[in-house]
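A.B. asks: I would like the atomic coordinates for the input below:
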Amino acid sequence: MRLISLDILSVFAIILASLASGCGKPESKWVQSLTFGQLSADVRCVEFTHDSERLITGGDDSLIRIWDVNSGHLEALLGAHSGPVLSVAMSPDDDLFASAGEDKTVRIWRLSESKEQRLLKYRGGDLGVWHVAYAADGRHIAAMGGGCAQIWSTDENSLETFLLGETNERDSAAAFSQDGSRIVTVGGGAVRLWKTETGVREREMALKGAWQSDEGACAQCAYSPDGKYVAICINRSLMIVDASIDDVRKEWVSDDKVIVGACWSKDSETVAVATLDGPAWAIPVSDRSQLRRLAFRDARDSLLSVEFSPDGKFIAGDGWWDCNIFDAERGERIQPRGAKGKRKYVNTHRYPFARFSKDGRYLVDTSNPLVLWKRSGR
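C.D. replies: Reported below is the predicted structural model:
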């Protein structure tokens, strides 16, 4: 009897240890919550409010739509731009949001009234505004287009504006530092660091070799959450530099695929990248960690965007065939409940993408109609 009792205790110990080891792993409970209405044109940008109650979208039809996330109801339809809306951004307090587009304007809207408050004209190039962003402190707004970056004060009584660089420098990506005091731009064969308050260029790092020629490149840049590094993507290459733009921490080059998306993990230890018609990768900043390839459910698919969930447990990416959600630790694809794996569309003029809400409860997939996934469990 004593031997049997010991065996039973051993079994229980193994079960408890197994349960304990799995406690830290994310559960794959992503359920299709609802679909938003069929749209007349492709969606080019989306933004959740910080409280995840509303979703703002902009599209090729020049319209901005405000959706109720809980019901999928269209609350407002705004038409002020004269061309496709390419970027939207929420202010830190959810009071205002900015929209930008091919018409070379940035428009500031009050969310509660669905009313335009301010019109800003972009002077940085002829190709419109590709990206708009608020600084974390809400005091400035930056626009980036096919030329250089432009910064405005968000004070409605201020006409302060700075054009960062000359239009012939062809900067094509920009990002605010975590505290909003600096902005980094990439393009024209260089990485440049600017002071937000004055528009003064503080530092410049010339790009060499394969980095120097970025004509027609898919350039991106992003500060790490801890503010120590900047990830820079140009064509097939990823470079991680320190925040002062003094030293290159790491370089990684894909085999023959252009990088079309990049994002940081919450702990600033990993950069996830998606490559056009190729695989996605989780690239560690430190050499102590291993490079991870993110596995597809369908070998024919290609991730065209990539994003970490706010808690760092998941990586989402959208492709021609599916919305993909990965376990960030293991790199394994999690099949969302309700996903059918059917081809959604073929459109070489638009990259599909997926975005997490800021609290990590939702994920929107920019197919047509828009699909909202909801996370349940831990």
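
A.B. asks: run through the stretch 51-200 of the chain and note the low-pLDDT ranges.
C.D. replies: 146-147, 165-172 (pLDDT under 70).

A.B. asks: can you pull out the strands in it?
C.D. replies: Along the stretch 51-200 of the chain, counting by DSSP state E, counting those that start in this stretch, strands occupy 54-59, 64-68, 74-78, 85-90, 96-101, 105-110, 115-121, 129-134, 140-145, 149-153, 161-164, 171-176, 182-187, 190-195.

A.B. asks: who touches the shortest one?
C.D. replies: Outside strand 161-164, the residues within contact range by CB atoms under 8 Å, 6 or more residues apart in numbering are 120, 123-124, 148-153, 171, 174, 183, 185, 192, 194, 198-199, 201. Heads up, the C-betas are built off the backbone N, CA and C, glycines and all.

A.B. asks: and that strand, which strands flank it?
C.D. replies: Each strand that pairs with strand 161-164, with its direction, by DSSP bridges: strand 149-153 (antiparallel).

A.B. asks: neighbouring contacts of the partner strand?
C.D. replies: Residues from elsewhere that reach strand 149-153, judged by CB under 8 Å, 6+ apart: 106, 120, 122-124, 139-143, 160-165, 171, 174, 183, 185, 194, 196, 199.

A.B. asks: which of those residues count as buried?
C.D. replies: Buried members of the contacts of strand 149-153, scored by 16 or more other CB atoms under 10 Å, are 106, 120, 122, 124, 139-143, 161-162, 164-165, 171, 174, 183, 185, 194, 196, 199.

A.B. asks: need the strands of the stretch 51-200 of the chain in a markdown table with distance to residue 330, can you?
C.D. replies: Output for the strands of the stretch 51-200 of the chain, formatted as a markdown table (distance: least, CB to CB, whole Å):
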| stretch | distance to residue 330 |
| --- | --- |
| strand 54-59 | 30 |
| strand 64-68 | 33 |
| strand 74-78 | 38 |
| strand 85-90 | 32 |
| strand 96-101 | 36 |
| strand 105-110 | 41 |
| strand 115-121 | 44 |
| strand 129-134 | 32 |
| strand 140-145 | 35 |
| strand 149-153 | 38 |
| strand 161-164 | 41 |
| strand 171-176 | 29 |
| strand 182-187 | 32 |
| strand 190-195 | 33 |
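
A.B. asks: any idea which of the ones you listed gets closest to residue 282?
C.D. replies: Residue 282 lies closest, by CB to CB, to one member of these: strand 171-176, at 20.2 Å.

A.B. asks: ok, which stretches of the protein are helices?
C.D. replies: Assigned by DSSP state H, the chain shows helices spanning 2-21.

A.B. asks: follow-up on the earlier one: quick one: closest of the strands of the stretch 51-200 of the chain to residue 377.
C.D. replies: strand 54-59 (22.5 Å).

A.B. asks: that closest one: how far from the chain's middle?
C.D. replies: Remark: strand 54-59 is offset 15 Å from the chain centroid, using CA atoms, centre = their mean, to the nearest Å.

A.B. asks: list of residues touching that strand?
C.D. replies: The contact list for strand 54-59 (CB under 8 Å, 6+ apart) reads 36, 39, 41-49, 64-69, 75, 81, 84-88, 90, 97, 99, 101, 111, 364, 370, 372.

A.B. asks: buried only: go through those for me.
C.D. replies: So, by 16+ other CB under 10 Å, the buried ones in those are 36, 39, 42-49, 64-67, 69, 81, 84-88, 90, 97, 99, 101, 111, 364, 370, 372.

A.B. asks: enumerate every residue touching the residue positioned nearest the centre of the chain.
C.D. replies: Nearest to the geometric centre of the chain sits residue 307, at 5.6 Å (CA atoms, centre = their mean). By CB under 8 Å, 6+ apart, residue 307 lies in contact with 261, 263, 272, 315, 316, 317, 353, 354, 355, 356.

A.B. asks: possible to save these as a markdown table with neighbour count?
C.D. replies: Converted to a markdown table, the contacts of residue 307 look like this (neighbours: other CB atoms under 10 Å):
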| residue | neighbour count |
| --- | --- |
| 261 | 23 |
| 263 | 20 |
| 272 | 26 |
| 315 | 30 |
| 316 | 28 |
| 317 | 29 |
| 353 | 25 |
| 354 | 26 |
| 355 | 19 |
| 356 | 24 |
